[in-house]
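Colleague: Quick one, fold the following:
(3 chains)
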Amino acid sequence: MQLFLQQSVNGLLLGGMFALISIGLSLMFGIMKVANFAYGALYMLGGYAAFWASNLLGVPNWVAILVAFAAAFMMGALMEGLGFAKFRGNEEATLIFGLGVALIARGGAVLAWGSQSRFIPFSFNTYRIGGLVLPAARIWACVASLAIVAGVYFVVNRTAWGRIIRAVSDNAERARLVGFNTRLHYLLTAGLATGLAGTASVLLIPVFSLSPAVDDSALYTAMAVVILGGLGSIPGCIVGGLVLGIVTAFAFGYLPSPIAPAIPLLLLILTLAFKPDGLFGSAERAV
Amino acid sequence: MISDGTRDFPRIVNLDRLGIAALAIGLAVAPLVLSNTYQLNVLVLMVINAILATGLAIVVRAGRLSLAQATFGGIGGYTTGVLTTKFSIAFWLALPAGALLAAAIGVLLGLTSLRLRGFYFAIATFTFSQLAIVVLRAWTPVTGGMSGMFGLPHPTGFLGFDFSDPRQYYYLVLAVLLVAELVYYACSVSTAFGRGLTVLGEDEVLATTLGVPATRYRLLAFALSSGIGGIGGSFNAHFIQGVSPADIAPIVSVFVVIMVLAGGAKTVVGPILGAIILTAVPELLRASAQWSMVFYGIFLLLYVYLFRDGLLPVLKSACHRTAGNRTINGSSPKTATVLPASLGAAKAAPRPDEAPKSPNGESIISFDRVGCSFGALQVLRDIDWSVKSGCINGLIGPNGAGKTTFFNVLNGVTPASEGTVLWQGTRVVPVPNEMVRRGMSRTFQHARVFENHTVAASILMAAEFSKREVSNSHLKWLIAFFNLQDAALLPGRALTHYERRLTSIAMAMASNPAVLLLDEPLAGLDDTETRQLSRMIATLQQETGNTIVMIEHKLSEVMELCEALTVLDHGQIIASGAPRDVAKNPAVIEAYLGNE
Amino acid sequence: MSDAPILTLRNVESRFLGALKLVDVCIDVNEGELVSILGANGAGKTSLLGAIAGLYRISRGEICLDGKPINGLPPHRIARMGIGFAPQNHPIFNSLTVAESLDLGRQNTRIDVMALFPNLATKRGQRAAALSGGERQMLSMAIALQNDPKICIFDEPSSGLAPKIVAQVFESIQAMVDAGITVLMVEQNARAALRYAARAYVMEHGRIVADGIASELANDDQIRRAYLGM
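Modeller: You can find the predicted model right below:
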């Protein structure tokens, strides 16, 4: 029973963290309509920007978070301006472009900084309530996750700018004819999406640490969450994150560790096979 | 421009053949020139990579990007590894077992990801590759777990060959590559299957509408692709005499993808070229794993910015320029060879084939209380309808009334949720490519043609895919009837809107259907074109005696052409009968015609 | 009402892949007028509208909006300067609701858009993807009416629509003109266009081959037969 409760708590916390990792990718899919294979790489680089700012310049943690956001924002905007804009509509080219950037980033990161794990000093308290282990770092990450997802949802669906980028995403040429500078809005959106990835990276360093290898796990996790929750759905991040988190926690809690990773992978393949629009996706493909 | 192109074709074909000959000679001679063991090892790995790349290219041609080719290689390698070391089975018996297992798993993967395209499919294959790694790492007693298996034997020698010698191993895998190449060639243009697979990758909707069985063809492509991958993996494992999970890390599959892209999946030897470049360059540079990664990344960026069709066309145009020829863009020479001479030459005056009639006088196709819903949305309701054979039937109604869904249910693109569809009085469950074979073709609101293939080739392929008896005279007649002689050698993307419309109708007619469904054939045409095409449709029906069902908004043409008219509104039939009577029906005037 | 035309084109020439698309085109649209452009497919009508909206570059000539040259500016700038362009086949924002689509800019002050299109008023909360063909065309025109454009430009507003809806579309355009909005309209349906427009230009092979008062053009047998297929 204790194991069940602990794994449930682990699952919820993992879920929140997974959602945090994937919100940027969800934006890229939903608004930019881009499958960004360099997402993990930008996540990783944002983390390193914060790490070096903290380590070399000794900035306080909240500044490090801003640095991560800003660095990732700029890289994302650059990728959009030089790459995704050129390949818009061409799915294969977009995929390959992202892959190319990811490979360069990954190889370059190891060459430049080595493959050892890095940490940022953060509060590492661990609360114990009724025999359950609740690490503070994870709790903070979940709080941030909920706040960020809610914030993004609000901005996209309830503000004027959100209407504008949704219009641009839907029909860029018509949006231009209504007076909107679509290139600028694409740049801002791409920057925002990757900036959020960078932020997530810093917030999760205390939990997952930081190394060049992080880009793979961030990418796979984000892709899995986004697929489970429904591509392009912002609340889907929470749904997908929770599902993935709980399944992963229970798999690792109850199965021997060589086998455990297979369970979330199976879940993903089965979702792709039978419900590619997400576990709770609607059959809105009518007419 | 086209006449210049035909003049240049022989030169290009010669250059192609010259290039392939050079490649073949180079490959045959290389191990005799190099003596260093390390270099020989690299050569062997290069050829093995080429085998994997060639296998992957089959799936890429079918319009899917798989990130699991190295995994199938691993399945092959592990299978032969286990069979040879734990069950003492000879390599040559274990090899087909490994290939079959890889092919079977490839089909399974294909089944789960049938409806997925592009990114989704890539993620599905990627997830599968990770799952395979987990399984192979965990199943330690059989697979050796994290460290894998060692001491795999070289393939047993025969006829005096000794495969522990790298040079002889090289020629062995070169022979395997040759076989793989032949399979790939068959999957490209030289067989009906290959042509079908190619257009399936280019425009799936059009291909299935013309009769290409998408599922069957794709699954066969997966089977061949993963089987070849498995074979390549086995030869790899028994060359380096070991296999481990590191061999099937996702990044390795990505490398195979890069090889295919580098060489280009549009040419037969592209994958080989890609494998050569991407194996040789890092070795020559003595690159570390990280520098290799950066190199591959830069290569991908160059690919996507500069040479999207692979390096081969770049090399070719460089050769052309040195040889002083002009470069040609447009349809590849390969499609020109698909045309038989009979389509061009004029012998006796061509005649259309007579459309098959319904044997027992039954209406060829009809709906019995058919309904169609998407979730909560009911698009068609309680449709009782039968086509009037041997004339033009009209289907009109306001936008959103369900007319296109009506067509989609007729030819099987969308299943009916209620009721029965009857073909010649017998109940059928329509599937697009089967309906073509039975004798029903359709066109689309937006004229769909094959962008990269000529009009003539497209019409020929349409006849071929339908698997129906069609005479060459019929096809020649179609080209003349639709005035497509001048456009016959132009690729789809070079056609005007009107030519696209005519071509799409000609393609639908190529199978000599009993029933032809035309979805807004006059859309987007000006008054002159509208008059021309509507007269053509009338004549077409008279000459072949087939049955036409036409959705249209241009009412004067509808009234003139149709003998029977059905009006749809909000998914239900509100009037049916002779056009004059239907036009006077007050419900129709209220819903659709207005008081003009 | 000022004297100078709202929109002028002077000797406009444009090319596409080297071939001439527009040749020496001169057009005036005065404030409050409904002007129509007629002609066969390929005559250059859509190229003309695209050039005005800034989607294509012109190789020669000048396009002026309210006296200010706009050729060469990017489309979003031209839109902000006062051109409300609704392209062919009513492209709208499928994932936005009707209300959101009409909340992208300022409300039109000359005409009550919701009163003009009552069908849309009842469907404010619906996603645009769920609208019928006629409603999509109306939404497209309503989107173009935002931000008080100096001139509305409609490309084949009646194309692909049921006859009953075609009448509604033309009536709503008439209502816009009655409210003082300037409209330039490309139309395939010459008969209907000439009934509503004040003046019209006929194009063929990229040139203006006839122009004048709409009723005069409609009654000119030669022009009707040669260019309008009537």
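
Colleague: residue contacts, the residue located most distally from the centre of chain C?
Modeller: Centroid-distance maximum for chain C: residue C:125 at 27.1 Å, with Cα atoms, centre = their mean. By Cβ atoms under 8 Å, 6 or more residues apart in numbering or on different chains, the residues touching residue C:125 are C:97-99. C-beta coordinates here come from the backbone N, C-alpha and C atoms, glycine included.

Colleague: what does residue B:90 give?
Modeller: Applying Cβ under 8 Å, 6+ apart, we find residue B:90 in contact with B:84, B:156.

Colleague: What distance do you get for it to residue B:422?
Modeller: In this view, residue B:90 and residue B:422 are 58 Å apart by Cβ to Cβ, to the nearest Å.

Colleague: What about residue B:577, how many residues nearby?
Modeller: Counted by other Cβ atoms under 10 Å in any protein chain shown, the residues lying close to residue B:577 total 13.

Colleague: Report the beta-bridge partner residues of it.
Modeller: residue B:565 (DSSP bridges).

Colleague: list the helices and strands the helix or strand harbouring residue A:55 packs on?
Modeller: Using DSSP states H and E, residue A:55 sits within helix A:39-57. Applying 3 or more Cβ pairs under 8 Å, 6 or more residues apart in numbering or on different chains; DSSP states H and E, we find helix A:39-57 packed against helix A:2-27, helix A:61-79, helix A:91-113, helix A:182-208, helix A:214-229.

Colleague: Reformat those into JSON lines and put distance to chain B, mean neighbour count and mean pLDDT next to each item.
Modeller: Formatted as JSON lines, the helices and strands packed on helix A:39-57 follow (distance: least, Cβ to the nearest Cβ, whole Å; neighbours: other Cβ atoms under 10 Å in any protein chain shown; pLDDT from 0 to 100):
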{"stretch": "helix A:2-27", "distance to chain B": "12", "mean neighbour count": "22", "mean pLDDT": "90"}
{"stretch": "helix A:61-79", "distance to chain B": "11", "mean neighbour count": "21", "mean pLDDT": "94"}
{"stretch": "helix A:91-113", "distance to chain B": "3", "mean neighbour count": "21", "mean pLDDT": "91"}
{"stretch": "helix A:182-208", "distance to chain B": "16", "mean neighbour count": "24", "mean pLDDT": "93"}
{"stretch": "helix A:214-229", "distance to chain B": "6", "mean neighbour count": "25", "mean pLDDT": "90"}
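
Colleague: Using CSV, please lay out the ones you listed together with distance to residue B:292.
Modeller: As requested, the helices and strands packed on helix A:39-57 are arranged in CSV below (distance: least, Cβ to Cβ, whole Å):
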stretch, distance to residue B:292
helix A:2-27, 27
helix A:61-79, 23
helix A:91-113, 7
helix A:182-208, 26
helix A:214-229, 17
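
Colleague: Those helices: which one's closest to residue A:137?
Modeller: Taking Cβ to Cβ, helix A:182-208 is the member of the helices and strands packed on helix A:39-57 nearest to residue A:137, at 3.8 Å.

Colleague: Can you point out the buried residues in the helix holding residue A:55?
Modeller: A:39-54 (16 or more other Cβ atoms under 10 Å in any protein chain shown).

Colleague: repeat for stretch A:169-178
Modeller: A:169-172, A:174-178.

Colleague: Next: stretch B:240-251.
Modeller: Of the residues in stretch B:240-251, those buried (16+ other Cβ under 10 Å) are B:240, B:242-245, B:247-251.

Colleague: how about stretch B:139-152 as CSV, C-alpha atoms only?
Modeller: In CSV, the C-alpha atoms belonging to stretch B:139-152 read as follows (Å, rounded to 0.1, in the frame of the first residue of the first chain):
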residue,chain,number,x,y,z
TRP,B,139,16.8,-10.7,-22.2
THR,B,140,20.2,-11.4,-20.9
PRO,B,141,20.3,-15.2,-21.0
VAL,B,142,19.6,-15.2,-24.7
THR,B,143,21.1,-12.0,-26.0
GLY,B,144,23.9,-11.3,-23.5
GLY,B,145,22.1,-8.3,-22.1
MET,B,146,24.0,-5.0,-22.1
SER,B,147,27.2,-6.4,-23.4
GLY,B,148,25.7,-8.4,-26.2
MET,B,149,27.1,-11.5,-27.9
PHE,B,150,30.7,-12.3,-28.8
GLY,B,151,32.6,-14.9,-30.7
LEU,B,152,30.1,-15.2,-33.6
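
Colleague: Just the buried positions in it, please.
Modeller: For stretch B:139-152, by 16+ other Cβ under 10 Å, it's B:143-145, B:148-149, B:152.

Colleague: Pick out whichever of these sits closest to chain A.
Modeller: Among the buried residues of stretch B:139-152, residue B:145 lies closest to chain A (Cβ to the nearest Cβ), at 7.7 Å.

Colleague: Find the residue closest to that closest one in space, skipping its chain neighbours.
Modeller: Nearest in space to residue B:145, with sequence neighbours left out and distances taken as Cβ to Cβ, 6 or more residues apart in numbering or on different chains, is residue B:137 at 5.8 Å.

Colleague: Could you report the separation of the one you found from residue A:107?
Modeller: Counting by Cβ to Cβ, the gap from residue B:137 to residue A:107 is 24 Å.

Colleague: same thing with residue B:235?
Modeller: Relative to residue A:107, residue B:235 is positioned 28 Å away (Cβ to Cβ).

Colleague: roughly how far is stretch B:248-264 from the heart of the chain?
Modeller: 21 Å (Cα atoms, centre = their mean, to the nearest Å).

Colleague: List every C-alpha atom in that stretch, with coordinates, as CSV.
Modeller: The C-alpha coordinates for stretch B:248-264 follow below in CSV (Å, rounded to 0.1, in the frame of the first residue of the first chain):
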residue,chain,number,x,y,z
ILE,B,248,21.1,-0.5,-32.8
ALA,B,249,21.2,2.8,-31.0
PRO,B,250,18.7,5.2,-32.5
ILE,B,251,21.6,7.3,-33.9
VAL,B,252,22.7,4.4,-36.1
SER,B,253,19.3,4.3,-37.8
VAL,B,254,19.6,8.1,-38.2
PHE,B,255,22.9,7.5,-40.0
VAL,B,256,21.2,5.1,-42.4
VAL,B,257,18.6,7.7,-43.1
ILE,B,258,21.3,10.3,-43.8
MET,B,259,22.9,7.9,-46.3
VAL,B,260,19.7,7.5,-48.2
LEU,B,261,19.1,11.2,-48.3
ALA,B,262,22.6,11.9,-49.3
GLY,B,263,22.5,9.7,-52.3
GLY,B,264,18.9,10.5,-53.1
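
Colleague: Is any residue of that stretch near chain A?
Modeller: Yes - Stretch B:248-264 comes into contact with chain A (Cβ under 8 Å from any Cβ of the partner chain), by way of B:254, B:261.

Colleague: Check stretch B:374-394 too.
Modeller: Yes - contact between stretch B:374-394 and chain A is present through B:374-375, B:377, B:379 (criterion: Cβ under 8 Å from any Cβ).

Colleague: before we move on, back to that, of all the buried residues of stretch B:139-152, which two lie farthest apart?
Modeller: The span of these, defined through Cβ to Cβ, is set by B:145 and B:152 at 16.0 Å.
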